[in-house]
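Q: sequence first, predicted model second:
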Amino acid sequence: MRQGGAVSSFPSARERVADGTISHPTIGWEQRYRRTVIISDTVTTAFVVAAIGNFFGARDAANWHEKWGILAFGTELLVLGALAVSRSWAPAVLGQGAEEFRRLGRSLFMATVALALGGIALTSRNIKLWIFVAIPAIALVTMTARYLLRLWLHKQRKEGRCLRPVLAAGSLATVRDLITRTRKFPHLGWRVEAVCTTDLLGLDAGQLDGVPVVGPLADVAKHVRHDGYRVVAVTPDPHWSPDRLQRLAWNLESSDAEMVVAPVLMEVAGPRLHVDAVLGIPLLRVSMPTFTGGRRVVKEVVDRMGATLLLMLFAPLMVFVGLLVMVDSRGGPFYSQRRVGKDGREFTILKFRTMVTGADRARTALADRNEGAGPLFKLRRDPRVTRVGAVLRRYSMDELPQLFNVLTGSMSLVGPRPPLPEECAAYDPDIRRRLLVKPGLTGLWQISGRSDLPWEEAVRLDLRYVEDWSLALDTVILWKTLRAVLRGQGAY
């Protein structure tokens, strides 16, 4: 591979295809992973319908094939057909964000509707079992299997495998930011292996952060066809006019590369982004964030029901923890504190007490040792924390009483971190947008490092949640919270 007339020692994607380091994108790990997901969905769905059909059909063995076998086979076909129609097996969504689970949920809903209509048409009395038992069981099993496959894929990516080779094309600053992000989050599956840019000043031996600069922006398509990159990431640069972007897209049509363009106008993603053609002009339409309406009602119902079930489940544990707190140090089991919720309304948050009595009064003496980001006060080894409190904080068990806050409506299961009044007093108007929704028991901050996050990153995650909220994103966050809690990273 050439860079400014010299030969780079950094192997191209095509060279690594030849020596076996990676496979060609159309026959490599992406296709194998897709086949694995399809087999997993097929097997898990078949297992569930067979188990239900055999268990309930055994009571009516004489009519098994007529009543149960047909329904089981039909349910299997409906689910797999819905998965195919909704493109739930598209390589672009497998192992990526909440969209994979959103499509999976949409497919199961489509199968449920089709099953219900079929049952009405056939006047089947057994259809309720398949709608209210089989489909939810299929959803639970398939989503669990998908999540386990995703964990395996992310582990491979952290070890440098199953990554898409990326050619980044744009200004030095924006490409450098992309390189930094892909290295910080390898589970996303990108590895920037080459750069095309216009400004070659300030480069270290023809490289940008260790990635070779292979040529100018005008040569992007040539390098993609020659070196076999899987993704062309176009980042902002004055060079990119609409005509040049369109010409680049045309030139890439004969390759296996996927062209990705960063809009950079605002940090919005997910279901709020839509591409429309108006008067022949492609426009990126950004819908308003959802703060009211049917989905918010569903979220409220899920919050209350979820809090009730979790309180019932954890009641013995909470009683035991409360006793440990009182035995370990003098004082009651709970600690209450004023926090700021939706629309700036203050409420009282509940926690298990993890510090000695009177810890708030001792905070002033520890101010010079503050390790927290921004306005947050945090100490990794806070002398006020009790022995039991340290364990509770590590595994977030001190936050279990906040389920009462969720039950009473002042908090949600998922949302931004609930701030202190003195924090809110220092907020600028942009950061105050995090108060447009209820604070959460968990959130993007909880699954992304908690107290280890820089203040700016924590705020960015909270604002991203406010802007891109969806029921699917809530589901993914709740699922990932369990792993974050067990690992205890960033909790102190």
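A: Structure received. Residues are numbered from 1 along each chain as shown.
Q: what's the following helix or strand after the helix or strand that residue 459 is a member of?
A: Residue 459 is part of helix 455-468 when elements are defined by DSSP states H and E. Remark: after helix 455-468, the chain's next helix or strand is helix 471-487, criterion DSSP H and E.
Q: tell me what that following helix is packed against?
A: helix 99-122, helix 294-328, strand 412-414, strand 440-442 (3 or more Cβ pairs under 8 Å, 6 or more residues apart in numbering; DSSP states H and E). In short, each C-beta sits where N, CA and C put it, glycine included.
Q: most tightly surrounded among those?
A: Highest mean neighbour count among the helices and strands packed on helix 471-487 (mean count of other Cβ atoms under 10 Å): strand 412-414, with a mean of 26.
Q: packing partners of that strand?
A: Short answer (3+ Cβ pairs under 8 Å, 6+ apart): strand 412-414 packs on helix 294-328, strand 440-442, helix 471-487.
Q: contacting residues around the second one?
A: Meaning strand 440-442. 399, 402-403, 405-406, 411-418, 477-478, 481 (Cβ atoms under 8 Å, 6 or more residues apart in numbering).
Q: how about 10 Å then?
A: 303, 306-307, 310, 396, 399-400, 402-403, 405-406, 411-418, 446, 450, 462, 465, 474, 477-478, 480-482, 484-485 (Cβ atoms under 10 Å, 6 or more residues apart in numbering).
Q: partners of it, with directions?
A: Strand pairing for strand 440-442, determined by DSSP bridges: strand 412-414 (parallel).
Q: which helices and strands does the next helix or strand after the partner strand pack with?
A: Sequence-wise, the next helix or strand downstream of strand 412-414 (DSSP H and E) is helix 421-425. When contacts are defined as 3 or more Cβ pairs under 10 Å, 6 or more residues apart in numbering; DSSP states H and E, helix 421-425 packs onto strand 334-340.
Q: for the strand it packs on, give the mean pLDDT please.
A: If you average the pLDDT over strand 334-340, you get 91.
Q: CA atoms only: put whichever helix or strand comes after that strand into CSV for me.
A: Counting by DSSP H and E, the element after strand 334-340 in chain order, helix or strand, is strand 346-352. The C-alpha trace of strand 346-352 is given here as CSV (Å, rounded to 0.1, in the frame of the first residue of the first chain):
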residue,chain,number,x,y,z
GLU,A,346,-37.3,18.1,43.9
PHE,A,347,-38.0,14.8,45.6
THR,A,348,-36.5,12.7,48.4
ILE,A,349,-34.5,9.7,47.2
LEU,A,350,-34.0,6.6,49.4
LYS,A,351,-30.9,4.5,49.8
PHE,A,352,-29.4,2.1,52.2
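Q: what would the helices and strands packed on strand 412-414 look like in a markdown table with mean pLDDT and distance to residue 434?
A: Formatted as a markdown table, the helices and strands packed on strand 412-414 follow (pLDDT from 0 to 100; distance: least, Cβ to Cβ, whole Å):
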| stretch | mean pLDDT | distance to residue 434 |
| --- | --- | --- |
| helix 294-328 | 92 | 16 |
| strand 440-442 | 92 | 11 |
| helix 471-487 | 81 | 15 |
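Q: which among those is found nearest to residue 180?
A: Residue 180 sits nearest to helix 471-487 of all those, at 22.7 Å, using Cβ to Cβ.
Q: any weak-confidence spans in the stretch 51-200 of the chain?
A: Counting by pLDDT under 70, the stretch 51-200 of the chain contains low-confidence residues at 56-69, 122-125, 199-200.
Q: so which residues of it form helices?
A: For the stretch 51-200 of the chain, applying DSSP state H, counting those that start in this stretch gives helices covering 70-85, 99-122, 127-129, 135-158, 172-184.
Q: now the angle between helix 471-487 and the second one, please.
A: The one in question is helix 99-122. Helix 99-122 runs at 130 degrees relative to helix 471-487, counting by axes from the mean of the first three to the mean of the last three Cα atoms, to 10 degrees.
Q: what do you get for the first one?
A: Taking the same axes, to 10 degrees, one finds helix 70-85 and helix 471-487 inclined to each other by 90 degrees.
Q: flag every buried residue along helix 70-85.
A: Residues of helix 70-85 classed as buried by neighbour count (16 or more other Cβ atoms under 10 Å): 71, 72, 74, 75, 76, 78, 79, 80, 82, 83.
Q: ok, the nearest residue to residue 163 once chain neighbours are set aside to residue 258 distance?
A: Nearest non-adjacent residue to residue 163, counting by Cβ to Cβ, 6 or more residues apart in numbering: residue 191, 4.2 Å away. Taking Cβ to Cβ, to the nearest Å as the measure, residue 191 falls 14 Å from residue 258.
Q: so between these two, which is more surrounded?
A: Shown here are residue 191 and residue 258; by other Cβ atoms under 10 Å, residue 191 has more neighbours (20 against 16).
Q: from residue 431, how far out is that one?
A: For residue 191 relative to residue 431 (Cβ to Cβ), the value is 33 Å.
Q: tell me the mean pLDDT for the helix holding residue 459?
A: Helix 455-468 comes out at a mean pLDDT of 81.
Q: give me the angle between that helix and helix 471-487.
A: 150 degrees.
Q: mind listing what's buried in helix 455-468?
A: Neighbour-count burial for helix 455-468 [16+ other Cβ under 10 Å]: 458, 459, 460, 461, 462, 463, 464, 465, 466, 467, 468.
Q: tell me, how many residues neighbour the residue nearest to the second one when sequence neighbours are not counted?
A: If I follow you right, that is residue 459. Distances taken as Cβ to Cβ, 6+ apart place residue 431 nearest to residue 459, at 5.6 Å, with adjacent residues excluded. Neighbour count for residue 431, taken as other Cβ under 10 Å: 17.
Q: so what pLDDT did residue 431 get?
A: Per-residue pLDDT puts residue 431 at 83.
Q: also the one 3 residues further on?
A: Each residue has a pLDDT score; the one for residue 434 is 86.
Q: spit out the contact partners of it.
A: 340, 342, 415-419, 424, 427, 443, 458-459, 461-463, 465-466.
Q: redo that, cut-off 7 Å
A: With contact set as Cβ atoms under 7 Å, 6 or more residues apart in numbering, residue 434 has these partners: 416, 462, 463, 466.
Q: backbone phi and psi for the spatially closest residue to residue 99 that is not a sequence neighbour, please?
A: Excluding the flanking residues, the one nearest residue 99 by Cβ to Cβ, 6+ apart is residue 93, at 4.7 Å. In terms of degrees, to the nearest 10, the main-chain angles of residue 93 are phi -110, psi -20.
Q: my read: residue 93 touches residue 100, true?
A: Yes. Between residue 93 and residue 100 there is a contact at 4.8 Å, judged by Cβ atoms under 7 Å.
Q: just to revisit the earlier point, which residues does the residue nearest to residue 163 form a beta bridge with?
A: Going by DSSP bridges, residue 191 is paired in beta bridges with residue 165.
Q: the chain should start at 14 in everything you say after this.
A: Yes, from this point I'll number from 14; that puts the last item at residue 204.
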